[in-house]
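**Q** I'll drop the sequence and a predicted model, then ask my questions.
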Amino acid sequence: MRTYSKIGILGGSFNPIHFGHAAAAQMATEELGLDLALFIPTRLNPLKDSSKIAAVKDRLAMCECAISKNPLFEIWEKELEMPAPSYTVNTLDRLFTEFSAKEWYFIIGSDNLSSFVQWYKWEEILQKVNIAVCYRPNFPMDIPKELPNERVACFEGPNWGISSSQIRKRISERKSCKYLLDENVIKYIEKNRLYEESET
């Protein structure tokens with residue numbers, strides 16, 4: 001069992017992982033005093049169209065390319081071995097068998113804040129972790145009335161718009177993603193010819 005004071009969790013499809021993900025995790029470590037930020041690639045997000053998601057091995061490899069040089073970051077890939085779809089509450093139970101922390105923070109963007117109360121067993125999730133909300137442009141910090149304020153921590157994220165869907169669209173249009181993606185992620189995408197087909 002690995003023990004820390006504060007651990008942050010950033011789950012996502014990472015399809016692909018981009019500088020916005022890394023910047024949000026870095027800012028969370030500083031604003032919340034985290035000892036570690038765990039990146040957890042989801043096997044299958046129940047709220048997303050799986051037909052547009054790159055293979056598990058590719059998403060995992062891109063995560064490794066993007067965060068390997070940051071000692072505060074680590075990938076936890078065990079969710080990829082769990083039955084689909086990926087429910088956060090089940091992931092937390094598995095995670096807690098390997099890590100211990102006095103405080104846990106589950107990092108989400110403000111674009112996901114309003115829908116959090118639609119997540120599977122969201123009340124049970126709140127019993128296990130705090131919710132750390134990263135502000136994203138054009139998505140206000142509107143905390144649902146069902147969420148107790150003492151379980152929600154808000155922090156300023158990178159104040160610029162960037163999304164994986166935007167990146168996939170640019171790649172399919174043969175446009176550059178320089179300054180949006182880590183150079184090693186760009187090389188991996190190019191080598192494996194990911195996202196070349198239009199999503200429209």
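**A** Good, I have the coordinates. Computed from a prediction, not measured in an experiment: that's the story for all the values here.

**Q** from here on, just use CA atoms for contacts and neighbour counts.
**A** Will do.

**Q** quote the end-to-end distance of stretch 142-153.
**A** Stretch 142-153 has an end-to-end distance of 12 Å (C-alpha to C-alpha, to the nearest Å).

**Q** stretch 113-131 now?
**A** 9 Å.

**Q** show me which helix runs longest in the chain.
**A** helix 19-32 (DSSP state H).

**Q** any regions of the protein where pLDDT drops low?
**A** Scanning the chain for pLDDT under 70 picks out 44-51, 199-200.

**Q** dump the residue contacts of E123.
**A** V117 (C-alpha atoms under 8 Å, 6 or more residues apart in numbering).

**Q** pretty sure it is in a helix, no?
**A** Yes: counting by DSSP: H, G, I helix; E, B strand; the rest coil, E123 is located in a helix.

**Q** assign a three-state SS to A54, would you?
**A** Assigned with three-state DSSP, A54 falls in the coil class.

**Q** phi first, then psi, for it.
**A** Recorded main-chain torsions at A54 are phi -60, psi 160, according to degrees, to the nearest 10.

**Q** next up, the contacts around the residue nearest to it when sequence neighbours are not counted.
**A** Leaving out its chain neighbours, the residue that sits closest to A54 by C-alpha to C-alpha, 6 or more residues apart in numbering is N15, at 6.4 Å. By C-alpha under 8 Å, 6+ apart, the contact list for N15 reads 53-54, 59, 164-165.

**Q** closest to I9 out of the residues you listed?
**A** In terms of C-alpha to C-alpha, no member of these lies closer to I9 than R59, at 17.1 Å.

**Q** and that closest one, what element?
**A** Taking DSSP states H and E as the criterion, the element that holds R59 is helix 56-67.

**Q** what's the spacing between that helix and its chain's center?
**A** 13 Å (C-alpha atoms, centre = their mean, to the nearest Å).

**Q** buried residues in it, which are they?
**A** The neighbour-count check on helix 56-67 (16 or more other C-alpha atoms under 10 Å) flags 56, 58-60, 62-67 as buried.

**Q** send me it as CSV with only the CA atoms.
**A** The C-alpha trace of helix 56-67 is given here as CSV (Å, rounded to 0.1, in the frame of the first residue of the first chain):
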residue,chain,number,x,y,z
VAL,A,56,-6.7,1.3,-25.4
LYS,A,57,-3.0,0.6,-26.2
ASP,A,58,-2.8,3.8,-28.2
ARG,A,59,-4.4,6.0,-25.6
LEU,A,60,-2.2,4.5,-22.9
ALA,A,61,0.9,5.0,-25.0
MET,A,62,0.0,8.6,-25.6
CYS,A,63,-0.4,9.2,-21.9
GLU,A,64,3.0,7.8,-21.3
CYS,A,65,4.5,10.1,-23.9
ALA,A,66,2.8,13.1,-22.4
ILE,A,67,3.5,12.8,-18.7
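
**Q** which single one of the buried residues of helix 56-67 is nearest to W160?
**A** A66 (19.0 Å).

**Q** now do the same contact list for that closest one.
**A** Here A66 is in contact with 17-18, 22, 182, 184-185 (C-alpha under 8 Å, 6+ apart).
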